[in-house]
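**Q** I would like the atomic coordinates for the input below:
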Amino acid sequence: MLTKYSANPCDVRRYSTAQLRDEFLIDELFIPSRVSVAYSHIDRAVALGICPQDKPLILGEWIDSKSFGTEYFLERRELGLACLEGAVKVTVDAKTFNLNAMDVLYIGLGSKTIAIEKVEGNATVYGLSAPAHKSLPTRVIPQSEARVVELGSIETANQRVINQYLHPDVIETCQLCLGITHLAPGSVWNTMPAHTHERRMEAYVYFNIKPEQAVFHMMGEPTETRHILVRDKQLVLSPSWSIHSGCGTQNYSFVWGMLGENQTFDDMDFIPMDTLV
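**A** Take a look at the predicted model:
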């Protein structure tokens with residue numbers, strides 16, 4: 001299990017490019033035939049990269065529950081699984097759920113045995129887990145049932161569709177929010193004008209990035225901005241004090257996930273463009 005610790009914004013001002021990447025970027029989360037686990041001390045988030053091939057991957061065989069001080073992974077946690085590619089079958093305590101690309105599965109606190117099996121294609125599943133305080137039903141949210149929000153314009157190069165899956169208007173969770181954003185052809189900016197939300201951290205998994213393309217993820221305090229160059233299926237951890245925005249060399253997609261004090265999607269502290277430095 002990879003462990004990432006919290007970073008003080010005053011220290012981050014002095015980080016080199018290599019230090020920024022080491023602190024906030026997870027560049028190898030998706031590895032064939034395995035479950036990769038990254039634990040962040042920022043709001044106790046856990047990110048999973050799950051790539052089943054010839055046999056099912058059972059989370060309990062890859063996650064050492066002793067690292068969490070519990071008998072099993074979701075004893076005190078909830079989990080969202082987003083299928084990024086292919087199709088998979090997820091078995092949760094003997095109950096089976098089918099996920100196609102761009103479907104999301106919510107798994108509630110108390111679920112013990114979780115297995116992910118490839119059905120077709122290049123099966124790639126991203127997971128994000130947060131501490132939970134009560135048990136809620138496990139449920140599939142197919143792409144057709146996500147709450148769709150269209151924002152931006154071609155003129156500002158940020159026309160995009162936000163699909164909200166784990167969101168209070170779609171499903172009840174304890175604190176986890178998760179969605180998938182797709183930028184339209186010709187658009188390259190996400191989350192600009194920038195904002196922070198001191199009450200929630202956020203994690204971005206960028207995907208649909210061609211090998212010859214890249215995304216420049218903007219981060220840092222509003223008056224101390226930095227960037228991290230991101231490739232396909234890489235994850236950026238964003239602490240609550242940091243802006244989190246991106247500009248690509250072409251349009252792309254990303255999974256955003258949030259956890260923290262509240263689930264109010266519009267609870268953002270917007271940063272005027274003329275104050276960014």
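**Q** From now on I want contacts and neighbour counts done on CA atoms only, so please keep to that.
**A** Fine.
**Q** immediately after the helix or strand where N163 lies, which helix or strand?
**A** Following DSSP states H and E, one finds N163 within strand 160-166. Next helix or strand after strand 160-166 toward the C-terminus (DSSP H and E): strand 177-183.
**Q** ok, that next one: who's next to it in the sheet?
**A** strand 160-166 (antiparallel), strand 253-260 (antiparallel) (DSSP bridges).
**Q** So what's the gap between the first one and the chain middle?
**A** Which is strand 160-166. Centroid displacement of strand 160-166 relative to its chain, using Cα atoms, centre = their mean, to the nearest Å, is 12 Å.
**Q** ok, back up a step: out of the strands paired with strand 177-183, the one nearest S6 is which?
**A** Proximity to S6 (Cα to Cα) singles out strand 253-260 among the strands paired with strand 177-183, at 14.2 Å.
**Q** about what we covered before: which of the strands paired with strand 177-183 sits closest to I31?
**A** strand 253-260 (17.9 Å).
**Q** what's the distance between that closest one and the middle of its chain?
**A** On Cα atoms, centre = their mean, the centre of strand 253-260 falls 4 Å from the chain's centre.
**Q** neighbours around Q19, how many?
**A** 12 (other Cα atoms under 10 Å).
**Q** just the one 5 residues further on next, same as before
**A** Using other Cα under 10 Å as the criterion, F24 is surrounded by 21 other residues.
**Q** Can you tell me how far it is from G110?
**A** Going from F24 to G110 by Cα to Cα, to the nearest Å gives 30 Å.
**Q** Burial check on V35, number of neighbours?
**A** V35, neighbours per other Cα under 10 Å, totals 24.
**Q** Just list whatever residues bridge to it.
**A** I50.
**Q** I'd say it and Q53 touch.
**A** No. With contact defined as Cα atoms under 8 Å, V35 does not count as touching Q53 (11.3 Å).
**Q** Break down the stretch 151-277 of the chain into its strands, ranges please.
**A** Here the stretch 151-277 of the chain has its strands, by DSSP state E, counting those that start in this stretch, at 160-166, 177-183, 189-190, 195-196, 200-207, 215-221, 224-230, 234-238, 245-248, 253-260, 269-270.
**Q** for those, which one ends up most surrounded?
**A** The highest mean neighbour count among the strands of the stretch 151-277 of the chain, using mean count of other Cα atoms under 10 Å, belongs to strand 189-190: a mean of 26.
**Q** Check which helices and strands it is in contact with.
**A** Here strand 189-190 touches strand 245-248, going by 3 or more Cα pairs under 8 Å, 6 or more residues apart in numbering; DSSP states H and E.
**Q** quick one on the thing from earlier: what's in contact with the strand holding N163?
**A** Residues outside strand 160-166 that contact it (Cα atoms under 8 Å, 6 or more residues apart in numbering) are 80, 104, 106, 141, 143, 145-153, 170-173, 176-184, 187, 190.
**Q** And what about the spatially closest residue to E75 that is not a sequence neighbour, helix, strand or coil?
**A** Excluding the flanking residues, the one nearest E75 by Cα to Cα, 6 or more residues apart in numbering is G110, at 4.8 Å. Here G110 is coil, with the state taken from DSSP: H, G, I helix; E, B strand; the rest coil.
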